[in-house]
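Engineer: Provide a 3D model corresponding to the input given below.
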Amino acid sequence: MAYSARPSRTRVASDLEIIYDPYGFDDDTSSVSSVAYSQSTRNHELKRTLKARHLAMISLGGVIGQGLFLGSGANLYLGGPLGALIAYAIVGFIVFWVAYSLGEMATYLPVSGSFTIFCRRFVDDSFGAAIGYNYWACWSIVVASELTALPMIMRFWTHALPDAAWSAIWLVILVIVNTLGTRVYGETEYWFSLIKILTVIIFIIVGCLVSGGLVGGEVYGFKYWSDPGALPNGAKGVIDCLILSVFSMQGTEIVGITAGEAGNPRKQVPRAIKNVFWRILIFYILAMFVMGMVIPYDDVHNLRTETPQPVQDEDGKGVLSPFTMVFEKGSLEEVGHIMNAIILITILSCGNSALYVSSRTLLALSQEGLAWHKLSYITKNGVPAYALGCTVLVSLVAFATFFIPGQALYTILTKLVGIAGLTTWFGISIAHYRFRRAFIAKNRNIDHLPMKAPLHPVGDIVGAIGCGVIILAAGYKYFSPADPVGLIGNYGGTILFILGFTITKIVTKSKLVPLKDIDLDTGRIDMMVFEGDDDDDVDEKEIGKVQQDRGAWYHLAWKRIVIAVT
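Structural biologist: Below is the predicted model of the structure:
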């Protein structure tokens, strides 16, 4: 399938001129693509309504979620405090390189559903299709995992409703938020993410005070590192923690999806990506360090991935978040209630992001001619309604709690999501490696890229090999003794990805796109459109308003604080 050399179509979206052709292929290569394009042109378009502050918070909000607030207890149980720290450090190192690779491509070609388009355009049609469906399935399952985790959080307060009822209530709320448009999604995630960031910071401070005995009266220090131990399961424990660590940090790549709806992606995306690694590292490493000092790895309230039923003691609370447990150990039970409420908000935030990302990915698949053309329908609010509906259908797997205990279902879903996330990061690394090679083959100046990944190709090599090794090692313990369920949970997604890629390859007979034929222009936004534009700069009208209103100084102060945090 050759890329077309014809001039790209141009159209205006949200007052921004975009060099736009959703396919970049010859007209005779895909009748499905032609139908999809004609269908999409009759509908409304995605709107570039996300501002820099939205992107900055979304890039953080996607990685600070229930994987940290709830799943960290499972990591503590599997690897001990030291094993969990090592696992987070390994995954964080991979995330750093993947984030920069994606940022370079997304700022140069800010298109919605970027992974599918990048992998298809820079590597191979079949590879792009497989990565696209993998990523859509990944985030659809994330929605289900969030809905499965919500009842576990609600048990802290009440057992009045069955798990499925809580899941249904929260699913309706998430769907309503996602049908209100991108601006509402961005604003919601902005405040949710800000709450999460402040919560982690407060937790680290309070946790240190509790560990030192300044709050609660008991000095913990490092006593749990000695008894019951810091690395109880050795290297095996670290390996066991890796998939849950991936699940915790997954979401860094969301900024690549939001680039297609950012008002100024060339300025906003780099700012959202450049420091995200350090923030993740600080939040995860420090938070886990505090947990390991105050909570023993064998605490009965930690999430236990190998236990089929929720573990409960005499208080009947079952699985608790380590964040809640630290406050309770500091004799701050009332604050523990507040913390549990914040964790509930966190899970809703993750579900909100998951619905957004998965629906945009399916929309991109449809616009690329890889899914039913009606899925490209977009409402006047800029919502891909049918794609959103399909994602909601997949998320209904959360209601399997009628047949499977919620804790066991949660564990299965997080493993599936973790493996799918690694597959996506692998695809991003491969696509970026090919992107850079094509850039050089076409004699283009690397310095003209709005954002450059450092030490290329080191990052792509680390990302691809690191993800591959973790995928292969993830289910080692299920080989001996043989555990079919465990093997399917850890390798089922990878097998389906390989089968999907192979079948698509055979049917379409697609080939690796030659470097000289790779399209580096379709979807690229004219740099002149954004010259001097930055929506976080205070414009003259705002300055005038502040000068006239003596009390409005705090607006500017708040903006400066947000910019410093993000």
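Engineer: nearest residue to residue 511 in space, please, no chain neighbours.
Structural biologist: Using CB to CB, 6 or more residues apart in numbering and skipping residues adjacent in sequence, the residue nearest residue 511 is residue 124, 6.9 Å away. (C-beta placed from N, C-alpha, C; glycine too.)
Engineer: whoops, I mixed them up, residue 213
Structural biologist: residue 219 (3.6 Å).
Engineer: residues contacting the one you found?
Structural biologist: Taking CB atoms under 8 Å, 6 or more residues apart in numbering, we find residue 219 in contact with 211, 212, 213.
Engineer: which of these tops the neighbour count?
Structural biologist: residue 211 (26 neighbours; other CB atoms under 10 Å).
Engineer: please report how far it lies from residue 145.
Structural biologist: Counting by CB to CB, to the nearest Å, the gap between residue 211 and residue 145 amounts to 31 Å.
Engineer: now residue 73
Structural biologist: Per CB to CB, residue 73 is found 15 Å from residue 145.
Engineer: what ranges does the chain have for its strands?
Structural biologist: Assigned by DSSP state E, the chain shows strands spanning 10-13, 16-19.
Engineer: low-confidence ranges, this protein, go.
Structural biologist: Across the chain, residues meeting the criterion (pLDDT under 70) sit at 1-52, 54-63, 112-113, 256-263, 277, 305-317, 525-566.
Engineer: what do you get if the cut-off is 50, keeping everything else the same?
Structural biologist: Within the chain, the stretches with pLDDT under 50 are 1-42, 309, 527-551.
Engineer: so for it, the centremost residue is which one?
Structural biologist: For the chain, the residue nearest the mean C-alpha position is residue 251 (1.4 Å; CA atoms, centre = their mean).
Engineer: quick one: that residue and residue 68 touch, right?
Structural biologist: No. Judged on CB atoms under 8 Å, residue 251 makes no contact with residue 68 at a distance of 10.8 Å.
Engineer: so what sits against both of the two?
Structural biologist: With contacts taken as CB under 8 Å, 6+ apart, residue 251 and residue 68 have no neighbour in common.
Engineer: count of residues packed around residue 481?
Structural biologist: If you count neighbours by other CB under 10 Å, residue 481 ends up with 6.
Engineer: in the chain, where's the longest helix?
Structural biologist: As assigned by DSSP state H, the longest helix anywhere in the chain is helix 71-108.
Engineer: that one packs against which elements?
Structural biologist: If contacts are counted by 3 or more CB pairs under 8 Å, 6 or more residues apart in numbering; DSSP states H and E, helix 71-108 sits against helix 114-122, helix 234-249, helix 254-258, helix 265-274, helix 276-294, helix 322-329, helix 406-441, helix 458-473.
Engineer: which parts of that helix are buried?
Structural biologist: Neighbour counts using 16 or more other CB atoms under 10 Å place 71-88, 90-92, 94-108 of helix 71-108 among the buried residues.
Engineer: for stretch 193-200, same thing?
Structural biologist: Buried residues in stretch 193-200 (16+ other CB under 10 Å): 193, 194, 195, 196, 197, 199, 200.
Engineer: ok, back up a step: so the residue nearest to the centre of the chain versus residue 123, what's the distance?
Structural biologist: Separation of residue 251 from residue 123 (CB to CB): 23 Å.
Engineer: and what of residue 485?
Structural biologist: Per CB to CB, residue 485 is found 33 Å from residue 123.
Engineer: between these two, which one's more packed in?
Structural biologist: residue 123 (21 against 11).
Engineer: correct me, but the more buried one touches residue 434?
Structural biologist: Yes. The criterion here is CB under 8 Å, and residue 123 meets it with residue 434 at 5.4 Å.
Engineer: what is in contact with the two at once?
Structural biologist: Listed as contacting both residue 123 and residue 434 by CB under 8 Å, 6+ apart are residue 513.
Engineer: can I get the buried residues of stretch 193-200 in JSON lines with distance to residue 441?
Structural biologist: Listed next are these as JSON lines, based on distance: CB to CB, whole Å:
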{"residue": "193", "distance to residue 441": "40"}
{"residue": "194", "distance to residue 441": "44"}
{"residue": "195", "distance to residue 441": "47"}
{"residue": "196", "distance to residue 441": "43"}
{"residue": "197", "distance to residue 441": "42"}
{"residue": "199", "distance to residue 441": "48"}
{"residue": "200", "distance to residue 441": "44"}
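Engineer: tell me which of those residues fall in helices.
Structural biologist: Among the buried residues of stretch 193-200, DSSP H puts 193, 194, 195, 196, 197, 199, 200 in helices.
Engineer: measure the spatially closest residue to residue 220 that is not a sequence neighbour to residue 217 for me?
Structural biologist: Leaving out its chain neighbours, the residue that sits closest to residue 220 by CB to CB, 6+ apart is residue 211, at 4.6 Å. Distance of residue 211 to residue 217, given as CB to CB: 12 Å.
Engineer: repeat for residue 193
Structural biologist: Distance of residue 193 to residue 217, computed by CB to CB: 34 Å.
Engineer: same check on residue 86?
Structural biologist: Going from residue 86 to residue 217 by CB to CB gives 32 Å.
Engineer: now residue 421
Structural biologist: Counting by CB to CB - residue 421 and residue 217 are separated by 42 Å.
Engineer: quick one: contacts for residue 516?
Structural biologist: Residue 516 sits next to 438, 441, 442 when contact means CB under 8 Å, 6+ apart.
Engineer: which one of those sits in the busiest neighbourhood?
Structural biologist: Top of the contacts of residue 516 by neighbour number is residue 438, holding 20 neighbours under the definition other CB under 10 Å.
Engineer: the residue nearest to that one when sequence neighbours are not counted: neighbour count?
Structural biologist: Spatial nearest neighbour of residue 438, chain neighbours left out: residue 518 (3.9 Å); criterion: CB to CB, 6+ apart. By the criterion of other CB under 10 Å, residue 518 has 19 neighbours.
Engineer: before we move on, what about residue 512?
Structural biologist: Residue 512 has 12 neighbouring residues, counting by other CB under 10 Å.
Engineer: residues in contact with it?
Structural biologist: 123, 124 are the contacts of residue 512 under CB under 8 Å, 6+ apart.
Engineer: try it again with 6 Å
Structural biologist: residue 124 (CB atoms under 6 Å, 6 or more residues apart in numbering).
Engineer: list phi and psi for it.
Structural biologist: Backbone torsions for residue 512, taken as degrees, to the nearest 10, come to phi -60, psi 130.
Engineer: any idea how far residue 354 is from the nearest residue to residue 296 once chain neighbours are set aside?
Structural biologist: With CB to CB, 6+ apart as the criterion, residue 296 has its nearest non-adjacent residue at 4.5 Å, and that residue is residue 224. As for residue 224, its distance to residue 354 is 34 Å (criterion: CB to CB).
Engineer: which one of the two has more residues nearby?
Structural biologist: Higher neighbour count among residue 224 and residue 354: residue 354, with 30 against 23, using other CB under 10 Å.
Engineer: quick one: the more buried one and residue 143 touch, right?
Structural biologist: Yes. With contact defined as CB atoms under 6 Å, residue 354 counts as touching residue 143 (4.5 Å).
Engineer: isn't residue 423 up against residue 134?
Structural biologist: Yes. Using CB under 6 Å, residue 423 makes contact with residue 134 at a distance of 5.2 Å.
Engineer: shared neighbours, these two?
Structural biologist: Here residue 423 and residue 134 have residue 497 as joint contacts, going by CB under 6 Å, 6+ apart.
Engineer: comparing those two, which residue is more hemmed in?
Structural biologist: residue 134 (26 against 22).
Engineer: what's residue 303 sitting at in phi/psi?
Structural biologist: The phi/psi pair for residue 303 (degrees, to the nearest 10) reads phi -70, psi 120.
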